[in-house]
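>>> Fold the following.
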Amino acid sequence: MKQKILIVEDEFIVANDLRIMLEKAGYKVCGIAPSVVKALELIATKEPNWILLDIFLRGDKTGIDLASQLTEMGIPFIYISANTNQGILEAAKATLPYGFLVKPFRERDLMVMLDIARYRHEQNLKYNQHTEPSIHKQIEYIAGKQELVAERLKQISAVLHPVVPFDFFWITKSNPWTSTKDTYVVRMADGRFSKLNTENLLKEVNISNRDFKAWNSTAVAYNGKPFFNGYDFRKLRMESPWIQLLSDHYKFESALVTEIERNGEEFQFVFFNHLSDLYSKVHTGIINQLKKSMELILEQVIYGKDIAPEIPVPVLRTAEDPITIREHLQIPKDFNGIIGDSILLHAAFKKVELVAPDNTSVLILGESGTGKEKIAQTIHKLSPRKTKPLITVNCAVLPLTLIESELFGHEKGSFTGANDKRIGKFEQADGGTIFLDEIGELPLEAQVKLLRVLQEKEIERLGGNHTKKINVRIITATNRNLEKEVSEGRFRLDLYYRLNVFPIELPALRQRKEDIPLLAAHFIDKYGSKGLSAVNGISAEALNELQQYDWPGNIRELEHLIERSMLLTEGETITKIDLPEPLNTIGFTGDEHPNIKTMEEMEREHILRILNICKGKIFGPGGAAEVLNIPSTTLNSKIKKLGIKFEFVK
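The predicted structure is shown next:
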């Protein structure tokens, strides 16, 4: 039976091209919808198996709004969009699509994406794969932690920022107005977050408490308008002295606002950004989906108790009372020394247990130092291939001229210096597993050859004249955002979908700080047992210092710091931690820290400026295309890709 596909796309030409390609490939297109409302009508009557979904559509709702409903209905979907803005990509990714195709694309790209997406959906049904904590679950977990309000707000900000980008986050009671519980979170220049109360902030912006109280209300004149860009933001500044002061000090250019009710009182959550024309109806849709999360933030964080973290008793290794790390920690014995009890880490563990017995390709995602290689080793250890070799390749250190030889081998005399036959890494891993670390660093030429191995299950040595079948499971890892790499042409789309069949995302250490005492105890035990130091414990004060730090280097950085602290400690207990100085702890507060914009942001602002000058006219004499000296079709494509809508042009 042919699979039915619904196309949700507001550009008829694009939608019709899609229909022709799909029908040619044997799919049945059951309709084309230009808006969310029309899409829901067609879903009810046509019952599609798949949905191809644009992000910006006609009407108030976006594809991201529809995506949350599709997830509830159990209908798989794939995004097809011209927008490659990183904030939009992160928001789309949070809805758990089965693929993301950037326009313009080739017919072959679409077919490959559909094949891989269909396979991933089958895997999802088999494994119940979409079990990673949603943003709401993560916020719920953080809000209930036994930690200080400031620490929980920093962690919540780190979860929110990828889908709702902000440089400043303000919570205020708007009706009846009072600044008593006003809360401010500022994003620092190094990407970390810092919580400020009103007193701290008044000192920061150099305004007296008397002047602050003299203003009638600091709440935003909301009136149901969700976002403020360009002219609207300048108007907002004129209506609110407080917002004018904040935006002057921190160089804000846009704002996003939503209201939450609690016990008959209204609160405002206001997000500011130093980029102009940033916020759109996509972000409004995301905020609406996160209202339950914001109610939790109010209830459990802002109006909850300021809970001091519970510091466990330091682990001591003594002859009278020996405590080994395995006895102290209750973790699965087969997780290869991976330590932690946080909800995010256990979600990754669950995925490992599900996928390990199969031959499915696995993509491990996470920052440097989060333990990606440990996870790869664990997958191999829990698989039927555990008695066969696990071959690890760091793609970042492979010399460009020797990549093919290293991976696939070479025959004697195949090139200058090839004095002997060489068996490549894939052939060495035959019957077992190959782990390609830092796969995002692999150059495009090597990506083509890797794709062939994945498709054909065979290799050909350099200089050879025959192919060899291989039976290898592939695990890859990267700290890069591969969706962004694909959109910018540095990573092949077809290879990405081949590798991204079963992604496992590892949390950063700053997202699981409750595991720091367990990790610290483990590293003390590890280096103490080697006789490197007499240290066998750590004080509560030193542990508290560790938990206040944000760990840009993750677990690797923590391990090195514990090892160094043990060597520098004269007694048996670490009492002082020499934490690294942050690279930059100043926010966007002055001219000495100018806002650096990406090429995409500058292009968007320039096109917007020209459109404003031309009063929205694109074609003909005096139109924006003529002023920019580019074809009107090219300008239209850029307008779509950059997410510029008519409402932005004033």
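>>> For the stretch 351-500 of the chain, which segments are assigned as strands?
362-365, 390-394, 433-437, 458-459, 468-469, 473-478 (DSSP state E, counting those that start in this stretch).
>>> mind giving me JSON lines with those strands and columns for mean pLDDT?
Formatted as JSON lines, these follow (pLDDT from 0 to 100):
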{"stretch": "strand 362-365", "mean pLDDT": "94"}
{"stretch": "strand 390-394", "mean pLDDT": "94"}
{"stretch": "strand 433-437", "mean pLDDT": "95"}
{"stretch": "strand 458-459", "mean pLDDT": "88"}
{"stretch": "strand 468-469", "mean pLDDT": "88"}
{"stretch": "strand 473-478", "mean pLDDT": "95"}
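>>> Any idea which of these gets closest to Pro621?
In terms of C-beta to C-beta, the element of the strands of the stretch 351-500 of the chain nearest to Pro621 is strand 473-478, at 49.3 Å. From N, CA and C alone the C-beta is placed, and that goes for glycine too.
>>> Now mean neighbour count too, for the strands of the stretch 351-500 of the chain, in a markdown table please.
Shown next, in a markdown table, are those (neighbours: other C-beta atoms under 10 Å):
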| stretch | mean neighbour count |
| --- | --- |
| strand 362-365 | 24 |
| strand 390-394 | 18 |
| strand 433-437 | 24 |
| strand 458-459 | 18 |
| strand 468-469 | 12 |
| strand 473-478 | 25 |
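>>> So which of those strands is nearest Leu344?
strand 362-365 (12.4 Å).
>>> before we move on, the earlier item: generate JSON lines for the strands of the stretch 351-500 of the chain, with distance to Pro104 as supplementary columns.
Formatted as JSON lines, the strands of the stretch 351-500 of the chain follow (distance: least, C-beta to C-beta, whole Å):
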{"stretch": "strand 362-365", "distance to Pro104": "26"}
{"stretch": "strand 390-394", "distance to Pro104": "34"}
{"stretch": "strand 433-437", "distance to Pro104": "30"}
{"stretch": "strand 458-459", "distance to Pro104": "33"}
{"stretch": "strand 468-469", "distance to Pro104": "37"}
{"stretch": "strand 473-478", "distance to Pro104": "26"}
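>>> quick one: which of those is nearest Asp54?
strand 362-365 (25.6 Å).
>>> Sheet partners, orientation included, of that closest one?
Applying DSSP bridges, strand 362-365 is found paired with strand 473-478 (parallel), strand 502-505 (parallel).
>>> Other residues contacting that strand?
355, 372, 375-376, 379, 439, 474-479, 482, 499-506 (C-beta atoms under 8 Å, 6 or more residues apart in numbering).
>>> Rounded mean pLDDT for the helix or strand containing Ile286, please.
Assigned by DSSP states H and E, Ile286 belongs to helix 281-289. Mean per-residue pLDDT for helix 281-289: 85.
>>> Any stretches of the stretch 451-600 of the chain with poor pLDDT?
Judged by pLDDT under 70, the stretch 451-600 of the chain has its weakly predicted residues at 487, 581-600.
>>> Which residue ranges of it form helices?
482-487, 493-499, 516-529, 540-548, 554-568, 599-613 (DSSP state H, counting those that start in this stretch).
>>> Does Gly528 touch Ile538 like I think?
No. Between Gly528 and Ile538 there is no contact under C-beta atoms under 8 Å: 11.1 Å.
>>> neighbour-wise, which of those two wins?
Ile538 (27 against 18; other C-beta atoms under 10 Å).
>>> Roughly how far does the more buried one sit from Asp109?
53 Å (C-beta to C-beta, to the nearest Å).
>>> swap in Leu611?
Counting by C-beta to C-beta, the gap between Leu611 and Asp109 amounts to 30 Å.
>>> who's more crowded, those two?
Just comparing Leu611 and Asp109: by other C-beta under 10 Å the higher neighbour count belongs to Leu611, 23 against 16.
>>> mind checking pLDDT for the more buried one?
On the pLDDT scale, Leu611 gets 83.
>>> Helix, strand, or coil at Gly169?
Quick fix: residue 169 is Phe, not Gly. Assigned with DSSP: H, G, I helix; E, B strand; the rest coil, Phe169 falls in the strand class.
>>> That one: neighbour count?
23.
>>> Can you tell me the element the nearest residue to it once chain neighbours are set aside falls in?
In space, and not counting its chain neighbours, Phe169 is closest to Val185: 4.2 Å by C-beta to C-beta, 6 or more residues apart in numbering. Assessed by DSSP H and E, Val185 sits inside strand 177-187.
>>> other SSEs contacting the next helix or strand after that strand?
Per DSSP H and E, the first helix or strand lying C-terminal to strand 177-187 is strand 193-196. Other elements packing on strand 193-196 under the criterion 3 or more C-beta pairs under 8 Å, 6 or more residues apart in numbering; DSSP states H and E are helix 149-160, strand 177-187.
>>> quick one: contacts of strand 193-196?
149-150, 153-154, 157-158, 161, 183-188, 204, 585, 587.
>>> who touches Asn197 in this structure?
Asn197 neighbours (C-beta under 8 Å, 6+ apart): Asp182, Thr183, Tyr184.
>>> At which residues are the strands of the stretch 1-150 of the chain located?
Using DSSP E, counting those that start in this stretch, strands in the stretch 1-150 of the chain cover 4-8, 28-33, 50-53, 77-81, 100-102.
>>> if I look at the residue nearest to Asn359 when sequence neighbours are not counted, how far off is Ile379?
Residue nearest to Asn359 in three dimensions, not counting chain neighbours: Arg473, with 5.3 Å by C-beta to C-beta, 6+ apart. Arg473 sits 8 Å away from Ile379 when distances are taken as C-beta to C-beta.
>>> who touches both of those two?
Thr433.
>>> Tell me which of the helices and strands packed on strand 193-196 sits most buried.
helix 149-160 (a mean of 21; mean count of other C-beta atoms under 10 Å).
>>> Please work out which residues outside that one touch it.
Helix 149-160 has contacts (C-beta under 8 Å, 6+ apart) with 135, 138-139, 142-143, 145, 166, 169, 183, 185, 187, 192-195, 290, 297, 301-302, 304, 306, 309, 510-511, 513, 547-548, 550.
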